[in-house]
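A.B. asks: Predicted structure and sequence below. I'll ask about it afterward.
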Amino acid sequence: MAQPQTTAQDQVHELFTAHGLRCTCRRRAIYEALAASHSHPTTDQLYRQVADSVNGLSLATVYNTLEAFCRAGLAQRVFGNGGSSRYDTAVHDHLHLRCERTGDLCDVPQHIGQQLLDRIPPDVIHRIESKLGFKVRHVQIELIGEYQREEPQ
């Protein structure tokens with residue numbers, strides 16, 4: 001007998017359960033919109049994107065949900081222009097590009113960014129931890145500049 005196929009909703013439910021979160025329709029909609037976004041949206045941008053499809057959604061709910069995602073390890077906060085919080089469901093160490101002109105933030109393709117991350121000497125991280133009394137959990141590198149063409153590749 002064929003096994004029933006796992007739906008995207010089932011996958012999100014399983015992901016939430018594995019991270020100790022209840023899977024409500026609001027949380028699911030916010031997570032799915034965030035995961036589908038490649039622009040690392042702010043809370044306001046995510047709210048505007050999801051509000052029409054989720055009855056009774058408030059901006060406070062989006063803020064609280066994003067904080068819950070970050071605490072559970074389902075998302076991470078990255079900072080855009082002016083220190084505004086943006087969110088990303090890619091929680092592994094990776095690089096970002098930030099355009100100084102537009103404030104756009106996007107991921108460097110993993111296979112390219114990993115080349116730079118692999119060249120960070122572990123002993124330097126250890127010296128930073130020892131000298132500053134700080135445990136490094138993640139490395140985020142942001143490359144700041146300006147696009148020389150319209151669309152990033």
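C.D. replies: Okay, I see it.
A.B. asks: so the residue sitting nearest the centre point of the chain bridges to which residues?
C.D. replies: Central residue of the chain (CA atoms, centre = their mean): residue 88, 1.1 Å from the mean position. Counting by DSSP bridges, residue 88 is bridged to residue 76.
A.B. asks: chain center to the helix ranked longest in the chain, what's the gap?
C.D. replies: Determined from DSSP state H, the single longest helix within the chain is helix 59-72. For helix 59-72, the separation from the chain centroid amounts to 12 Å (computed by CA atoms, centre = their mean, to the nearest Å).
A.B. asks: So which elements touch that helix?
C.D. replies: On a contact count with 3 or more CB pairs under 8 Å, 6 or more residues apart in numbering; DSSP states H and E, helix 59-72 meets helix 25-36, helix 43-50, strand 76-79, strand 85-88. Yep, even glycine has a C-beta here, placed from its N, CA and C like the rest.
A.B. asks: Restrict the third one to CA atoms and write it as CSV.
C.D. replies: This points to strand 76-79. C-alpha atoms of strand 76-79 as CSV (Å, rounded to 0.1, in the frame of the first residue of the first chain):
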residue,chain,number,x,y,z
GLN,A,76,17.1,34.3,13.2
ARG,A,77,17.1,38.1,13.4
VAL,A,78,19.4,39.9,11.1
PHE,A,79,19.9,43.7,11.0
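A.B. asks: ok, residues contacting the longest helix of the chain?
C.D. replies: With contact meaning CB atoms under 8 Å, 6 or more residues apart in numbering, helix 59-72 is reached by 19-21, 26-27, 30-31, 34, 43-44, 46-47, 50, 75-77, 87, 89.
A.B. asks: May I have the residues that are in contact with residue 76?
C.D. replies: Counting by CB under 8 Å, 6+ apart, residue 76 touches 70, 87-88, 90-91, 138, 140.
A.B. asks: quick one on the thing from earlier: now the contacts of helix 59-72: which count as buried?
C.D. replies: Buried members of these, scored by 16 or more other CB atoms under 10 Å, are 21, 26-27, 30-31, 34, 43, 46-47, 50, 75-76, 87, 89.
A.B. asks: Now flag whichever of those residues is closest to residue 109.
C.D. replies: Using CB to CB, residue 89 is the member of the buried ones among the contacts of helix 59-72 that sits closest to residue 109, with 16.2 Å.
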